[in-house]
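Chemist: generate coordinates for the sequence data below:
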Amino acid sequence: MARNTLHTRREFLTAAAGLGLGVTFYEPAYSLQKKPRFKSERLGIGAIGMRYQGSVITQKALPHGDVVAIADVDRHVREQARASFGSTPRIFEDYRDLLKRKDVDVVLIAAPDHWHAKMLVDACRAGKDVYCEKPLTLTIDEGRLIREVVKQTRRVVQVGTWQRSDFRFRLAAEMVRAGRIGKLFRVTCTTDRNPTGGPFETRRVPRHFNWNLWQGQTPAAPYIPERSHYTFRWWYEYSGGKMTDWGAHHIDIAQWAVDSLPVAVEGKATLPTIKDGYNVASRFNAEVTYANDVELFIKDEGRRGILFEGETGRLFVNRGKIDGRPVHQLKEKPLPHEKYTLYKDNHSRPPRHGKLEAIISHMGNFFDCIATRKTPISDVDSQHRSVSTCHLANISMRLGRKLSWDPKTEKFVGDKEANGWLRREQRKGFEVV
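Modeler: Numbering: from 1, shown residues only. The predicted model follows:
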């Protein structure tokens, strides 16, 4: 996942000024300060899954706490991570040993997708607040469980869909909901194509790698290096391909703006048939219909980003820009943000009339909410609904037909076979319950 490049106040203000926007800067409770006000505010951080994104989010958490424990099934990875974050953290092969530690207040989860739900649920039940990388779940039923557990345990959980904290995406959603492009009728989310590859060679499991533990709930399979680490994303057993990798970001913003829930989905895909090779769709597209009649198109080819089309205008946004006539009109016609600000937090200053309020640190928002016990900007309710739409598209593509969806019951309408895809069989000892 690409990182959010707006790390500093100066960078944020420069980008916003380029749009001719006034800015009310989001003042965190304490999280962006280089040093805590009190020693007691230094929280103990436990990081799970330290390859690639795990190291990135752990670095972002350092201003807010101390890394006291690290868990990874690859000994080389966990030892390298300990060296990167100093000699203090204890290292573990099994994340459950990390959760037993009383000095761990906060857990960061960046393990492969098929582990997110179980680790998050276990962490909440262990009394930890959690930052979990996207996508939140592997299946729709996992999201329903997470929602209930977070409600029961009252833990603070932030999902790593950081585009919600980027002013471009948030502004786009606010402008659409404010009617700046007229009545919205179509949204197009463009990701990338999934990589193709295989067949790959089966090899002996390295001594430093616990392959059995890495597989978790998924069906036991011979060790193929391409199944693990970064490339797990292109195996349906462990992930959902670009549909959940990039879709968890873009579809989340689209749905934030649409302000409705899906009622039908039709996905089309070319599915590989190579044995021992990547098995997510080599080509895909999907059409999602919402209860308010807005149509969402998901494509794997074109300009990556989100295009909103309304009766009076269009608006495009991605990680590099936000563009469209309504954007250029903001200087003369600013949004009344006291009405349209989508994330209303109770611990920041009220925005001035017509100014852009912004969060520049997704991780900072998480730690602020730990302090105030408020709901983060990427909460489990919204992120369960967003990634569920990704799952709906993948299920439709695999079944090869249009499906009707009831967002209240979270079941397919009159389709027993499709409802069987709401969960997956789980290996004994690794069940998500």
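Chemist: show me the chain divided up by domain.
Modeler: The record, using automatic domain parsing to delimit domains, assigns the chain the ranges 21-163, 164-341+380-422.
Chemist: give me the next element, helix or strand, following the longest helix seen in the chain.
Modeler: Among all segments of the chain classified by DSSP state H, the helix with the greatest residue count is helix 380-399. Sequence-wise, the next helix or strand beyond helix 380-399 is strand 403-406, with elements assigned using DSSP states H and E.
Chemist: show the subsequent helix or strand relative to that following strand.
Modeler: Stepping forward along the backbone from strand 403-406, the first helix or strand reached (DSSP H and E) is strand 411-412.
Chemist: ok, residues contacting that following strand?
Modeler: Residues outside strand 411-412 that contact it (Cβ atoms under 8 Å, 6 or more residues apart in numbering) are L403, S404, W405, D406, A418, N419, L422. Placement of C-beta: from N, CA and C, glycine included.
Chemist: and the next helix or strand past that strand?
Modeler: The helix or strand immediately downstream of strand 411-412 is helix 416-419, counting by DSSP H and E.
Chemist: show me where the stretch 1-150 of the chain has helices.
Modeler: Applying DSSP state H, counting those that start in this stretch to the stretch 1-150 of the chain gives helices spanning 9-17, 53-61, 75-84, 95-99, 116-125, 140-153.
Chemist: using JSON lines, lay out those helices together with mean neighbour count, mean pLDDT and distance to F430.
Modeler: Converted to JSON lines, those look like this (neighbours: other Cβ atoms under 10 Å; pLDDT from 0 to 100; distance: least, Cβ to Cβ, whole Å):
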{"stretch": "helix 9-17", "mean neighbour count": "15", "mean pLDDT": "55", "distance to F430": "42"}
{"stretch": "helix 53-61", "mean neighbour count": "20", "mean pLDDT": "95", "distance to F430": "20"}
{"stretch": "helix 75-84", "mean neighbour count": "17", "mean pLDDT": "94", "distance to F430": "20"}
{"stretch": "helix 95-99", "mean neighbour count": "20", "mean pLDDT": "98", "distance to F430": "11"}
{"stretch": "helix 116-125", "mean neighbour count": "23", "mean pLDDT": "98", "distance to F430": "7"}
{"stretch": "helix 140-153", "mean neighbour count": "19", "mean pLDDT": "98", "distance to F430": "13"}
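Chemist: make a markdown table out of the ones you listed and add distance to A221.
Modeler: Shown next, in a markdown table, are the helices of the stretch 1-150 of the chain (distance: least, Cβ to Cβ, whole Å):
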| stretch | distance to A221 |
| --- | --- |
| helix 9-17 | 44 |
| helix 53-61 | 23 |
| helix 75-84 | 20 |
| helix 95-99 | 21 |
| helix 116-125 | 18 |
| helix 140-153 | 20 |
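Chemist: go through these and name the closest to F167.
Modeler: Evaluated over these, closeness to F167 peaks at helix 9-17, with 6.1 Å, by Cβ to Cβ.
Chemist: worst-scoring helix or strand of this structure, pLDDT-wise?
Modeler: None of the helices or strands of the chain scores lower by mean pLDDT, DSSP states H and E than strand 23-25, at a mean of 43.
Chemist: backbone dihedrals for R180, please?
Modeler: When quoted as degrees, to the nearest 10, the phi and psi of R180 stand at phi -70, psi -10.
Chemist: residue contacts, it?
Modeler: Applying Cβ under 8 Å, 6+ apart, we find R180 in contact with G310, G313, L315, P326, Q329, L335.
Chemist: repeat that for 6 Å
Modeler: In this structure, R180 makes contact with P326, judged by Cβ atoms under 6 Å, 6 or more residues apart in numbering.
Chemist: ok, back up a step: sort out which residues of the longest helix of the chain are buried, please.
Modeler: Judged by neighbour count (16 or more other Cβ atoms under 10 Å), helix 380-399 contains these buried residues: 380, 382-398.
Chemist: tell me the contacts of the residue of the chain positioned farthest from its centre?
Modeler: The centre of the chain is farthest from one residue, E332, which by Cα atoms, centre = their mean lies 34.5 Å away. Shown in contact with E332 (Cβ under 6 Å, 6+ apart): no residues.
Chemist: thought F284 was touching K299?
Modeler: No: using Cβ atoms under 6 Å, F284 and K299 do not qualify as a contacting pair, with a distance of 8.4 Å.
Chemist: more neighbours: those two, which one.
Modeler: Counted by other Cβ atoms under 10 Å, F284 and K299 do not tie: F284 has more neighbours, with 24 against 18.
Chemist: over to that one. Which of the three states is it?
Modeler: Look at F284: counting by DSSP: H, G, I helix; E, B strand; the rest coil, its state is strand.
Chemist: give me the distance between it and G240.
Modeler: Between F284 and G240 the computed distance is 10 Å (Cβ to Cβ, to the nearest Å).
Chemist: then I253?
Modeler: Summarising the geometry, the distance separating I253 from G240, computed by Cβ to Cβ, is 18 Å.
Chemist: how many residues are close by I370?
Modeler: Burial of I370 is recorded as 23 neighbouring residues (other Cβ under 10 Å).
Chemist: what about stretch 413-422, how long is it end to end?
Modeler: The first and final residues of stretch 413-422 sit 13 Å from each other (Cα to Cα, to the nearest Å).
Chemist: buried set for that stretch?
Modeler: When burial is assessed from 16+ other Cβ under 10 Å, stretch 413-422 yields the following buried residues: D415, A418, N419, W421, L422.
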